[in-house]
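Enquirer: Fold the following.
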Amino acid sequence: MSVRLATSLETTAPNPAPEFSQAVSGLRALLADDLGEVNKEILSRMESAVPLIPEIAGHLVNAGGKRIRPMLTLAAARAFSYDGDDHIKLAAAVELIHGATLLHDDVVDGSHLRRGEQTANVIWGNKESVLVGDYIFSRAFELMVAAGDLRVLQVLSHASGVIAQGEVLQLTTQKNIATSIDTYIEVVEAKTAALFAGASHAGAIITDADTKAEEALRDYGLNFGVAYQLIDDALDYAGFDDDLGKNVGDDFREGKMTLPVVYAIARAQPDEKAFWRRVITEGRQNDADFEQAVALMKRDDAIVDTIVCAKQYAERALFELAKAPDSDYASALSDLVTTSLSRIA
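Expert: Okay, here's the model as predicted:
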């Protein structure tokens, strides 16, 4: 007998990014019926005779999230007037891939908070989180196969492999103050942007759009994904907890080489290199170190230039999206990119 799941941006400060929240809500409203079907598909795929599986999966699902990635798949399909139902399966698969990577990420990073709630690894343990993550991955691949398009299967399976590579590459950069800007962008393109790209690309593929249109939607997703992650990087040093779904400063405490840190170290005075080596490489931090890191970043425009870089990727995303037919869906996808930058405005 299977066990069913229960169905179901700032903490103390005013929301500094109402534009982005409105853009997400606007896209969600356009896709309301589709998203309802996606949610049903996700819930049905999380059923299991092993009670712990839907329990952990339900914790992840019920923690919320903007569902940006599955909305990219749905909106890309609708932008090309798709009227079938395979986009539902693919959007659900994309969200399951994302959910599985979150479970694995939290174990690798030793995270304790996601979307304002304790992470599954804290509640149930690392082994349990990894194994349920594997289960969710397998269900995602079942959905890809059910969609019956080998090209889509290739695109999303490739994206899953790239994400895993990105995770490994990130491990090589963690606590490594010699990490270059190019290497860090490579991490972001693999770990975050690959699924954005795969999500929007898959939505276009099933519509029988021409090759150039498919590639445009893929590149839209890739560039949007990089821009989105870079704003997250900046928020870790200049935001509020609910913007991130985790504690501000977590990246710093975990010794992650995000773009603000890469910029700050590259521009540090010789005597400041020892500070960065101690807090990042050696992980020896005291209560005042985070504030000092932020001060150094502000002095050397590390946060500002991270935002500038994010804007450049956002502009590339909009350039590619302009190749899609005019529609309410394309307009909503455009708004999603432009307002995502406002999360740290």
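Enquirer: going forward, measure contacts and count neighbours with C-alpha atoms only.
Expert: Noted.
Enquirer: Please enumerate the strands of the stretch 51-200 of the chain.
Expert: 113-114, 117-118 (DSSP state E, counting those that start in this stretch).
Enquirer: deepest of those, which one?
Expert: strand 113-114 (a mean of 20; mean count of other C-alpha atoms under 10 Å).
Enquirer: Least reliable of the strands of the stretch 51-200 of the chain by average pLDDT, please.
Expert: Per-stretch mean pLDDT for those is lowest at strand 113-114 (a mean of 75).
Enquirer: in its sheet, what does that strand sit against?
Expert: strand 117-118 (antiparallel) (DSSP bridges).
Enquirer: Work out the gap between the strand it pairs with and the centre of the chain.
Expert: 18 Å (C-alpha atoms, centre = their mean, to the nearest Å).
Enquirer: Could you do stretch 139-157 as well?
Expert: When C-alpha coordinates are averaged (C-alpha atoms, centre = their mean), stretch 139-157 and its chain have centres 20 Å apart.
Enquirer: ranges for the helices of the stretch 101-250 of the chain?
Expert: 120-123, 126-147, 150-173, 181-188, 194-205, 211-238, 241-244, 250-253 (DSSP state H, counting those that start in this stretch).
Enquirer: and of these, who's closest to residue 309?
Expert: helix 211-238 (7.6 Å; C-alpha to C-alpha).
Enquirer: Mind listing what's buried along the closest one?
Expert: 213-238 (16 or more other C-alpha atoms under 10 Å).
Enquirer: ok, now stretch 40-52?
Expert: 41-43, 45-48.
Enquirer: So which of those sit within helices?
Expert: 41-43, 45 (DSSP state H).
Enquirer: which residues of the stretch 201-345 of the chain score low on pLDDT?
Expert: The stretch 201-345 of the chain contains residues with pLDDT under 70 at 239-247, 345.
Enquirer: All the strands of it, in order from the start?
Expert: So, for the stretch 201-345 of the chain - with DSSP E, counting those that start in this stretch - there are no strands.
Enquirer: Which residues are in contact with the closest residue to residue 81 other than its chain neighbours?
Expert: Spatially, and ignoring its direct neighbours in sequence, residue 81 is nearest to residue 207 (7.4 Å; C-alpha to C-alpha, 6 or more residues apart in numbering). Counting by C-alpha atoms under 8 Å, 6 or more residues apart in numbering, residue 207 makes contact with 77, 80-82.
Enquirer: With pLDDT, distance to residue 203 and neighbour count added, can I get these in JSON lines?
Expert: Below are these laid out as JSON lines (pLDDT from 0 to 100; distance: C-alpha to C-alpha, whole Å; neighbours: other C-alpha atoms under 10 Å):
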{"residue": "77", "pLDDT": "97", "distance to residue 203": "4", "neighbour count": "27"}
{"residue": "80", "pLDDT": "96", "distance to residue 203": "9", "neighbour count": "22"}
{"residue": "81", "pLDDT": "95", "distance to residue 203": "11", "neighbour count": "15"}
{"residue": "82", "pLDDT": "96", "distance to residue 203": "9", "neighbour count": "19"}
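Enquirer: what about the stretch 51-200 of the chain, any weak spots by pLDDT?
Expert: Looking at the stretch 51-200 of the chain by pLDDT under 70, you get 64.
Enquirer: if we can go back for a sec, and residue 63, which of the strands of the stretch 51-200 of the chain is closest to it?
Expert: With C-alpha to C-alpha as the measure, strand 117-118 is the member of these nearest residue 63 (7.0 Å).
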